[in-house]
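Visitor: need a 3D model of the following:
(one chain, ligands or ions: 1)
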Amino acid sequence: MPSDPGIGPRYQDSTKYRRHAMPGMPSVSVQVPLYKRYERPLAHIELPAADTEGGPGLWATVARRRSRRRFTDQPISLQQLSQLLWAVAGVTAEQSDRVYRAAASAGALYPNESYVLVSQVSDCPSGIYHYEVREHRLALLAEGDYSLEISEACMDQASCASAAVVLAFGAVAPRCGQKYGDRAYRYIYLDAGHLGAHVQLAAEALDLGSVNIGAFFDDEVNHLLGLDGINETVVYLTAVGQPHLHSA
Ligand SMILES: Cc1cc2nc3c(=O)[nH]c(=O)nc-3n(C[C@H](O)[C@H](O)[C@H](O)COP(=O)(O)O)c2cc1C
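Guide: You can find the predicted model right below:
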């Protein structure tokens with residue numbers, strides 16, 4: 001009997017599309033909401049409108065993009081945070097009943113919710129926020145500076161402790177699974193990769209530093225964000241701040 005190749009190869013193999021053995025496609029009607037809403041009343045921070053034109057050229061930004069892990073204690077502005085969130089998950093088009101966002105997403109389902117742990121942002125109290133996409137605003141989930149906690153949850157990475165903000169992406173797996181079944185996890189991770197790339201390019205264009213974070217204690221980050229780790233679980237984070245000159 002061949003040995004078990006392990007969960008990774010088994011997952012990859014059992015979620016392949018095969019020309020003559022396609023899985024039954026779930027119903028296309030969307031039952032799981034495309035947006036997360038908290039039932040409890042929350043305070044909000046309205047974000048200034050993001051610029052949709054101008055900025056440095058794309059090629060120059062791609063050429064300069066680098067992971068930067070050392071940040072000064074200088075804050076970023078609310079306008080910069082607005083620009084980052086818009087470039088990652090902001091609405092860029094609306095067509096009939098569909099709303100499209102800045103980063104691509106399989107089936108336009110956008111399973112990854114965006115959270116911001118704010119430590120140093122002008123005109124924005126420290127706290128943990130959920131980004132409300134359609135309203136382009138932040139909903140306050142918990143007040144206070146959680147830079148130490150998020151750094152510990154990310155295996156003591158110093159970048160998270162000194163960042164002005166840490167963005168975290170939580171995957172609502174059933175939102176994607178309702179259309180793609182078990183293959184959804186592939187798309188969730190691919191989607192998250194797009195989000196990470198957009199944050200880094202936006203940060204670079206704003207002269208900010210950023211580093212994507214894939215090494216973290218899942219349930220510790222989930223706990224900080226108030227996620228159950230099953231219906232929604234953190235998949236990726238990005239630390240952003242004012243970079244030290246020539247930092248890496
Ligand atoms: C999926 C993924 C996970 C990563 N996780 C971490 C991380 O936990 N900590 C870190 O410091 N860098 C992390 N990085 C950044 C990589 O180390 C970095 O992209 C790589 O060294 C290439 O350098 P560059 O981004 O400057 O081109 C991650 C990058 C990716 C794409």
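
Visitor: which parts of this structure sit against the ligand?
Guide: 66-67, 69, 157, 159, 211-215 (CB under 6 Å from any ligand atom). All C-beta spots, glycine's among them, are computed from the backbone N, C-alpha and C.

Visitor: try it again at 8 Å.
Guide: By CB under 8 Å from any ligand atom, the residues of the chain that approach the ligand are 65-69, 154-155, 157, 159, 193, 196, 200, 211-216, 236, 248.

Visitor: and the longest strand along the chain, which strands flank it?
Guide: Counting residues, the longest strand in the chain under DSSP state E turns out to be strand 233-241. Applying DSSP bridges, strand 233-241 is found paired with strand 165-171 (antiparallel), strand 209-213 (antiparallel).

Visitor: and these as a markdown table, adding mean pLDDT and mean neighbour count?
Guide: Listed next are the strands paired with strand 233-241 as a markdown table, based on pLDDT from 0 to 100; neighbours: other CB atoms under 10 Å:
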| stretch | mean pLDDT | mean neighbour count |
| --- | --- | --- |
| strand 165-171 | 98 | 26 |
| strand 209-213 | 98 | 25 |
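
Visitor: as JSON lines, those with distance to Arg10 would be great.
Guide: Shown next, in JSON lines, are the strands paired with strand 233-241 (distance: least, CB to CB, whole Å):
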{"stretch": "strand 165-171", "distance to Arg10": "20"}
{"stretch": "strand 209-213", "distance to Arg10": "27"}
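
Visitor: relative to Gln120, which of these is closest?
Guide: Across those, Gln120 has its closest neighbour in strand 165-171 (7.6 Å, CB to CB).

Visitor: moving C-terminal of that closest one, what's the next helix or strand?
Guide: As assigned by DSSP states H and E, the chain's next helix or strand after strand 165-171 is helix 173-180.

Visitor: any idea how far that following helix is from the chain center?
Guide: 17 Å (CA atoms, centre = their mean, to the nearest Å).

Visitor: what angle separates that helix from strand 233-241?
Guide: 120 degrees (axes from the mean of the first three to the mean of the last three CA atoms, to 10 degrees).

Visitor: in this structure, which helix is the longest?
Guide: Looking across the chain with DSSP state H, the single longest helix is helix 184-205.

Visitor: mind listing what's buried in that helix?
Guide: Neighbour-count burial for helix 184-205 flags 184-188, 191-192, 194-205 (criterion: 16 or more other CB atoms under 10 Å).

Visitor: which SS state does Leu141 fall under?
Guide: strand (DSSP: H, G, I helix; E, B strand; the rest coil).

Visitor: pretty sure it sits against Tyr129.
Guide: Yes. Assessed by CB atoms under 8 Å, Leu141 is found in contact with Tyr129 at 6.3 Å.

Visitor: anything in contact with each of those two?
Guide: Counting by CB atoms under 8 Å, 6 or more residues apart in numbering, the shared contacts of Leu141 and Tyr129 are Tyr115.

Visitor: got a pLDDT number for Ser159?
Guide: At Ser159, the predicted lDDT confidence score is 98.

Visitor: the residue nearest the centre of the chain and Met22, how far apart?
Guide: In the chain, the C-alpha nearest the mean C-alpha coordinate belongs to Phe169, at 3.3 Å (CA atoms, centre = their mean). Phe169 sits 29 Å away from Met22, taking CB to CB, to the nearest Å as the criterion.

Visitor: helices of the chain, start to end?
Guide: Under DSSP H, the chain gives helices at 7-14, 58-64, 78-89, 147-153, 158-162, 173-180, 184-205, 218-225.

Visitor: Leu109: which of those helices is closest?
Guide: The nearest among the helices of the chain, by CB to CB, is helix 173-180 at 5.2 Å.
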